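Undergrad: Generate a structure from the sequence data that follows.
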Amino acid sequence: MANFGPKEIKTLREMTDAGMMDCKKALTAADGDMDKAVAWLRDQGMGAAAKKAGKVAAEGAIGVRVEGKKAVIIEINSQTDFVAQNDKFKSLMSTVVNHAFENNLADAEAINASTMDGQPFSEYLSLQVATIGEKLEVRRAALMVGDETTAVNGYVHSNGQNGVIIEAKCDSAKTAEAMTSVLKDVAMHAAAMSPRTLSYKDFDATYVADETKGRIVAIEKENEELARLGKTLKNIPQYISMHQLTAEVMAVAEAMLKDELKAEGKPEAIWDKILPGKIDRFISDNTTLDQEQCLLDQKFVMDDSKTVFQYIQDKAQAAGGTAEIVHFVRLEVGEGIEVAEEDFAAEVAKQMA
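TA: I've put the predicted structure just below:
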């Protein structure tokens, strides 16, 4: 006679969210012992996870938690966006984010190597795989922890597909407090504008050179089509980043601009009033890579008369101090994951086999 009944099956189901028949099998195998039944289901979950190991988890969501001077951001992948929207997945995300936040786990490797509720995190995740029914992966994560002169904030988009955490170093605790809400706006900007790095100073010279060649070739090809259509040709930039605008380059540019002013008949006495605007325009025209990929050099979405760098400076000055963004992390679900496309008919045939 079995040492359990419907009540115990219901209890186990509520504890593990496993299927009714699976709970019955677990209790049978464990002779009614609830702890052994949970362990049996965990083992079965590991088996289920192994079967799903070959699947690509390219969907999922981003989770963010910010409190005080600490922020964490995590990407958890699933196989389908449908699963990423259900309550079980959202509960998993909340649990993992809180686990990383409370234990100061700096990255995905630390999370995956951690212990949760007395068991290896890998076992906990395997049980979630069994419950949710898809391969799950904690793929990327980052943690920021600052002192009293640090401002920290973050943002996750409403669809959960991208998020940002950001950190600024300030001259005082007072300025840091004032800059916290400002960083929320910048985090929202970064989520929308997808910067790849903080500043042009992060670029490698080879990368800039390769990008310059590629853009010139692309514009030249585009101009061929524009010429064929009788339309205005696009300007081919000589440079694309402040990385290239050395003192020598700027001196040549200034001399060229002065020659233009002279040719236009502008009195030399007013050149100092005209030149700054022309130099700013030259820099803008020749730093398109920075404006596309560098957070500090992008036009701020809430006030495109300023760059993000200028916006931060102005806000810090208004608060009576100084502030500098020193780090940000932006994650978007599935970035860099290659998903092999498979013939639908072949997939159906495989499932029928």
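
Undergrad: Now do the same contact list for Ile240.
TA: Val208, Glu211, Thr212, Arg215, Asn286, Thr287, Thr288, Leu289, Asp290 (CB atoms under 8 Å, 6 or more residues apart in numbering). No exception for glycine: its C-beta is placed from N, CA and C like everyone else's.

Undergrad: And for the third one, nearest residue in space, chain neighbours not counted?
TA: Leaving out its chain neighbours, the residue that sits closest to Thr212 by CB to CB, 6 or more residues apart in numbering is Ile240, at 5.2 Å.

Undergrad: who's in contact with the closest residue to Asp81 other than its chain neighbours?
TA: Distance criterion CB to CB, 6+ apart; nearest residue to Asp81, sequence neighbours excluded, is Glu59 at 4.5 Å. Residues counted as contacts of Glu59 (CB under 8 Å, 6+ apart) are Asn77, Ser78, Gln79, Thr80, Asp81, Val83, Ala84, Val333, Gly334.

Undergrad: The first one looks like it's in a strand, true?
TA: Spelled out, it's Asn77. Yes. Judged by DSSP: H, G, I helix; E, B strand; the rest coil, Asn77 forms part of a strand.

Undergrad: which residues does it bridge with?
TA: Under DSSP bridges, the beta-bridge partners of Asn77 are Gly60, Glu137.

Undergrad: can you count the residues close to it?
TA: 21 (other CB atoms under 10 Å).

Undergrad: Spit out the contact partners of it.
TA: Neighbour list for Asn77: Ala57, Ala58, Glu59, Gly60, Leu136, Glu137, Arg139, Val333, Gly334, Ile337 [criterion: CB under 8 Å, 6+ apart].

Undergrad: Just confirm the last one is within a helix.
TA: Just to be clear, that refers to Ile337. No. Using three-state DSSP, the assignment for Ile337 is coil, not a helix.

Undergrad: where are the low-confidence patches of the stretch 101-250 of the chain?
TA: Scanning the stretch 101-250 of the chain for pLDDT under 70 picks out no residues.

Undergrad: That one: strands as residue ranges?
TA: Secondary structure of the stretch 101-250 of the chain, counting by DSSP state E, counting those that start in this stretch: strands at 115-116, 119-120, 137-145, 150-156, 162-170.

Undergrad: Give me the pLDDT for the residue nearest to Asp81.
TA: You'll see Glu59 listed with a pLDDT of 88.

Undergrad: Look up how far Gln79 lies from it.
TA: Remark: distance between Glu59 and Gln79 (CB to CB, to the nearest Å) = 6 Å.

Undergrad: hmm, back to that, who wins on neighbours among the contacts of Ile240?
TA: Busiest of those [other CB under 10 Å] is Asp290, holding 27 neighbours.

Undergrad: OK, contacts around it?
TA: By CB under 8 Å, 6+ apart, Asp290 lies in contact with Tyr200, Ile240, Ser241, Met242, His243, Asp297.

Undergrad: same check, this time on Val326
TA: Listed by CB under 8 Å, 6+ apart, the contact partners of Val326 are Glu167, Ala168, Lys169, Leu198.

Undergrad: Number of residues surrounding Leu12?
TA: 24.

Undergrad: oh, I was asking about Ile337
TA: 14.

Undergrad: swap in Lys278?
TA: Neighbour count for Lys278, taken as other CB under 10 Å: 17.

Undergrad: Just give the nearest non-adjacent residue to it, would you?
TA: Nearest residue to Lys278, sequence neighbours excluded (CB to CB, 6+ apart): Leu257, at 4.9 Å.

Undergrad: And Phe4, by the same measure?
TA: Closest residue in space to Phe4, ignoring its immediate chain neighbours: Gly32 at 4.1 Å, by CB to CB, 6+ apart.

Undergrad: Kindly report the same for Cys23.
TA: Distances taken as CB to CB, 6+ apart place Leu12 nearest to Cys23, at 4.3 Å, with adjacent residues excluded.

Undergrad: quick one, helices of the stretch 51-200 of the chain?
TA: For the stretch 51-200 of the chain, applying DSSP state H, counting those that start in this stretch gives helices covering 81-84, 87-102, 108-112, 121-132, 173-193.

Undergrad: With respect to Lys7, which of these lies nearest?
TA: Nearest to Lys7, of all the helices of the stretch 51-200 of the chain, is helix 121-132, at 21.1 Å by CB to CB.

Undergrad: What is that closest one packed up against?
TA: Here helix 121-132 touches helix 34-51, helix 87-102, helix 108-112, going by 3 or more CB pairs under 8 Å, 6 or more residues apart in numbering; DSSP states H and E.

Undergrad: would JSON lines of these with mean neighbour count and distance to Glu67 be doable?
TA: Converted to JSON lines, those look like this (neighbours: other CB atoms under 10 Å; distance: least, CB to CB, whole Å):
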{"stretch": "helix 34-51", "mean neighbour count": "17", "distance to Glu67": "32"}
{"stretch": "helix 87-102", "mean neighbour count": "17", "distance to Glu67": "7"}
{"stretch": "helix 108-112", "mean neighbour count": "17", "distance to Glu67": "18"}
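
Undergrad: Nothing else from me, thank you.
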